[in-house]
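[1] only the shape, not the letters, is given here:
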Ligand code: ADP
Ligand code: ZN
Ligand code: ZN
């Protein structure tokens, strides 16, 4: 008879853990919390994490099975990690096994036991360096490799060759055999060749640095609220160096698109550190290696996106989360966590400071600062030389537009290019135009699986649904009346790009959106091109708005903003203001004055006028007041129950059962809105409904859901639908 039972979080969508017996030959000393175990689960084997060891179980002896295999000889997760993951499962009402599995890199979650692999590095040997051009003339591939290694000026790993689109292995091998290229193992000692900046922090930066530096020993949340170009990154860099000099680690979290190789390089060049990165462009092995290195202290900086927040820290020193307002920190499917909120919990558990940086703080964070839960640090001025951009509206009413561009915008673009400066044009939508319409009968291209129109993608010659991915060839004649009078309505990035190339045929134009940057390194090559300078135009979606520093951009044109002014989502104005402020912040980041021109048919709109005359801070203050009056977040807490199915009736009958289940629960201090159809009722062939749960306090919301969700799980009608719960949803779609 064993004297103990293993309580295991198994990767299943069930709201509980499972008890197992230890293996026969093992004893108590073999087991620790945080080890992984392979267990038989139904007819399959699954990987789970031991999160409890207890002397009793509620299961009957004959229901108990021993684990199949213990996968780790020592613990993989610390008590603090386990505590955090348990907290997250509880707070987000998500199945605990799935939380553990999502928090681990894929190789670990699927049961592998990888170890840290030091990379093999390649550089030119002395004889390689002494080679003359003509010696390699007859082997162009070796010659290319020679140039690559020579230009790099430092040893390269195999990943550095992977951008080459030809087989570099054989020529590399023969260069090694000839003694021209030498191999060494990666040195994990600290990078010592750092570049110091040629400026001193200004007084606001210094004040922020001092304030955080004084608090390095304790938990504290800092909101670093600095206008675009105010030098937030410099504040981070100085703080990071301080923390790592004291032997501790720093976790830096960024939104997906801002984490470019360029930025990683900037950090690498400045910091005497061992840095690893983790984001979606890396493969599973690379991510696992980053996780292992950080966890085991082989690296003292982890620069990563959302999911990096779960990486254990060996010597926790500080967390930095840049662009804290960015909604990409919220996972929008499955385990719907907020990396910002988890990062704050992490910092609290580790008892370390966390810095949330942004030029456009979320209303939640501003509210927390008002309530003195966060320490508000401000960088009100742009750094050396740069002044705030001059923002103006262009009244488009009754104006003749040239393919959506007004005369005054075109004139401003022309002048900017003549001065050999660069222009950014912001368009809120990718593709050519959002609607294809028939001139003779009014037919519009509609997705048959969604309540949405098909977007014209002219370059790909496709109609594409942005919600489900459905694609059609663009028809030549109207599917309804067979006339050949189809025309595009509205605008997208491709269309503006086309208009500009006909207006400015000799000017290089780059487009940045999800379509144009799908290929690896595409974004990087645009950025490189812009940095080379010269008159250029960049057309793009909000991808352009984030983080980039383009010193030569002096004009930003915002082409279509009006649709965003009339959204039914209560967060739309916050998003819009952040977007405008961020896009505007790309203009004039160095000595040259930046101008921002916003085209609109609503020049009187209060949101635009507040932003232009008083700036984001004032907008945010007003918006918070409105939220308070309307009792919306952050003045209340929400949870959204989403339900969908192919069969609409199935959704309705589940919701009916839901309402009955709710009737048996204490709903004091809870406000329930709905069920109502989702703003887009049909998406990808599924009918979608939702139920909004509101409360002024978190606790009643939590208790209500604790009672409701197990009831929903039991409902027979739940098997015909997909449902999910979203805690603190960032959109209500
Ligand atoms: P933010 O992240 O706040 O938008 P950055 O950190 O990118 O701003 O800084 C903008 C530019 O100003 C960078 O090129 C940076 O090197 C430079 N910079 C930062 N601090 C100073 C300073 N104190 N004096 C001069 N230039 C600075
Ligand atoms: Zn027609
Ligand atoms: Zn669709």
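    Thanks, I have it. No experiment lies behind these values; they were computed from the predicted model shown. Ligands and ions are numbered 1, 2, ... in the order given.
[2] need the contact list for the residue lying closest to residue 280 once chain neighbours are set aside.
    Of all residues not flanking residue 280 in the chain, residue 256 sits nearest, at 6.3 Å (C-beta to C-beta, 6 or more residues apart in numbering). C-beta coordinates here come from the backbone N, C-alpha and C atoms, glycine included. If you count contacts by C-beta atoms under 8 Å, 6 or more residues apart in numbering, residue 256 has them with 279-280, 305-306, 328.
[3] with residue 516 instead?
    Contact analysis of residue 516 by C-beta under 8 Å, 6+ apart lists 493, 510, 522, 526.
[4] roughly how far does the residue nearest to residue 280 sit from ligand 2?
    According to C-beta to the ion, to the nearest Å, residue 256 stands 41 Å off from ligand 2.
[5] go on, residue 115?
    According to C-beta to the ion, residue 115 and ligand 2 sit 64 Å apart.
[6] can you give me the pLDDT of that residue?
    pLDDT for residue 115: 81.
[7] measure the one residue in the stretch 201-350 of the chain that gets nearest to ligand 3 to residue 120 for me?
    Taking C-beta to the ion, ligand 3 has its nearest neighbour within the stretch 201-350 of the chain at residue 333, 16.6 Å off. Counting by C-beta to C-beta, to the nearest Å, the separation of residue 333 from residue 120 is 38 Å.
[8] looking at those two, which is more packed in?
    Shown here are residue 333 and residue 120; by other C-beta atoms under 10 Å, residue 120 has more neighbours (13 against 7).
[9] who's in contact with the more buried one?
    Residue 120 makes contact with 157-158, 183-186, according to C-beta under 8 Å, 6+ apart.
[10] quick check: residues of this structure near ligand 1?
    With C-beta under 6 Å from any ligand atom as the criterion, the chain meets ligand 1 at residues 199, 201-202, 205, 226, 228-234, 383-384, 549.
[11] what about the nearest residue to residue 588 once chain neighbours are set aside, how many neighbours?
    Counting by C-beta to C-beta, 6+ apart, residue 594 is the residue found nearest to residue 588 once chain neighbours are left out, at 2.1 Å. When counting by other C-beta under 10 Å, one arrives at 26 neighbours for residue 594.
[12] what's the spacing between residue 594 and ligand 3?
    39 Å.
[13] for ligand 1, see how far away that residue is.
    Distance, residue 594 to ligand 1, by C-beta to the nearest ligand atom, to the nearest Å: 13 Å.
[14] how much space between that residue and residue 260?
    Distance of residue 594 to residue 260, given as C-beta to C-beta: 22 Å.
[15] likewise residue 569?
    Computed as C-beta to C-beta, the residue 569 to residue 260 distance reads 29 Å.
[16] between the two, which is the more surrounded one?
    In terms of neighbours (other C-beta under 10 Å), residue 260 is the more surrounded of residue 569 and residue 260; the figures are 18 against 14.
[17] the more buried one contacts residue 523, correct?
    Yes. With contact defined as C-beta atoms under 8 Å, residue 260 counts as touching residue 523 (6.5 Å).
[18] domain assignment for the protein?
    The chain is divided into the following domains under automatic domain parsing: 5-109, 120-185, 203-379, 390-433+490-626, 637-727.
[19] quick check, the residue in the stretch 251-400 of the chain closest to ligand 2?
    Closest residue of the stretch 251-400 of the chain to ligand 2, C-beta to the ion: residue 400 (27.5 Å).
[20] kindly report the same for the stretch 1-150 of the chain.
    Nearest residue of the stretch 1-150 of the chain to ligand 2 (C-beta to the ion) works out as residue 13 at 46.6 Å.
[21] show me what contacts that residue?
    Residues in contact with residue 13, defined by C-beta under 8 Å, 6+ apart, are 95, 98.
[22] go again using 6 Å as the cut-off
    By C-beta atoms under 6 Å, 6 or more residues apart in numbering, the contact set of residue 13 is residue 95.
[23] swap in residue 579?
    Counting by C-beta under 6 Å, 6+ apart, residue 579 touches residue 542.
[24] what about it, helix or strand, and which?
    helix 572-584 (DSSP states H and E).
[25] quick one: mean pLDDT over that helix.
    Mean pLDDT, computed over helix 572-584, is 89.
[26] would you mind listing what in the stretch 401-550 of the chain touches ligand 2?
    Contacts of the stretch 401-550 of the chain with ligand 2, taken as C-beta under 5 Å from the ion, map to 438, 441, 443, 478, 480-481.
[27] and of those residues, the nearest to ligand 3?
    Proximity of those to ligand 3 (C-beta to the ion) peaks at residue 443, which lies at 17.2 Å.
[28] would you list the phi and psi of the nearest residue to that closest one once chain neighbours are set aside?
    Excluding the flanking residues, the one nearest residue 443 by C-beta to C-beta, 6+ apart is residue 480, at 4.1 Å. Phi and psi for residue 480, reported as degrees, to the nearest 10, are phi -100, psi -50.
[29] for ligand 3, what's the nearest residue on the stretch 1-150 of the chain?
    Nearest residue of the stretch 1-150 of the chain to ligand 3 (C-beta to the ion) works out as residue 13 at 26.0 Å.
[30] need the pLDDT of that residue.
    As predicted, residue 13 sits at a pLDDT of 88.
[31] that one in helix, strand or coil?
    For residue 13, the assignment made with DSSP: H, G, I helix; E, B strand; the rest coil gives coil.
[32] from residue 334, how far out is it?
    Distance, residue 13 to residue 334, by C-beta to C-beta: 9 Å.
[33] check residue 373 too.
    Per C-beta to C-beta, residue 373 is found 29 Å from residue 334.
[34] near ligand 3, which residues of the stretch 351-500 of the chain show up?
    Going by C-beta under 5 Å from the ion, the residues of the stretch 351-500 of the chain near ligand 3 are 447, 449-450, 465, 467-468, 470.
[35] before we move on, the earlier item: in this structure the residue nearest to residue 443 contacts residue 441, no?
    Yes. In this structure residue 480 lies within contact range of residue 441 using C-beta atoms under 6 Å: 5.5 Å.
[36] what touches both of residue 13 and residue 334?
    Common neighbours of residue 13 and residue 334 (C-beta under 6 Å, 6+ apart) do not exist.
[37] phi, psi for the residue of the stretch 1-150 of the chain closest to ligand 3 please.
    In terms of degrees, to the nearest 10, the main-chain angles of residue 13 are phi -80, psi 40.
[38] just to revisit the earlier point, weakest of the domains of the chain by average pLDDT?
    Here the domains of the chain differ in mean pLDDT, and the lowest is domain 120-185 at a mean of 82.
[39] for residue 712, phi and psi?
    phi -60, psi -40.
[40] that one - how many residues pack around it?
    20.
[41] again with residue 273
    Other residues within reach of residue 273, judged by other C-beta under 10 Å, total 21.
[42] check residue 40 too.
    Residues lying near residue 40 (other C-beta under 10 Å) number 13.
[43] for residue 36, same thing?
    Neighbours of residue 36 using other C-beta under 10 Å come to 26.
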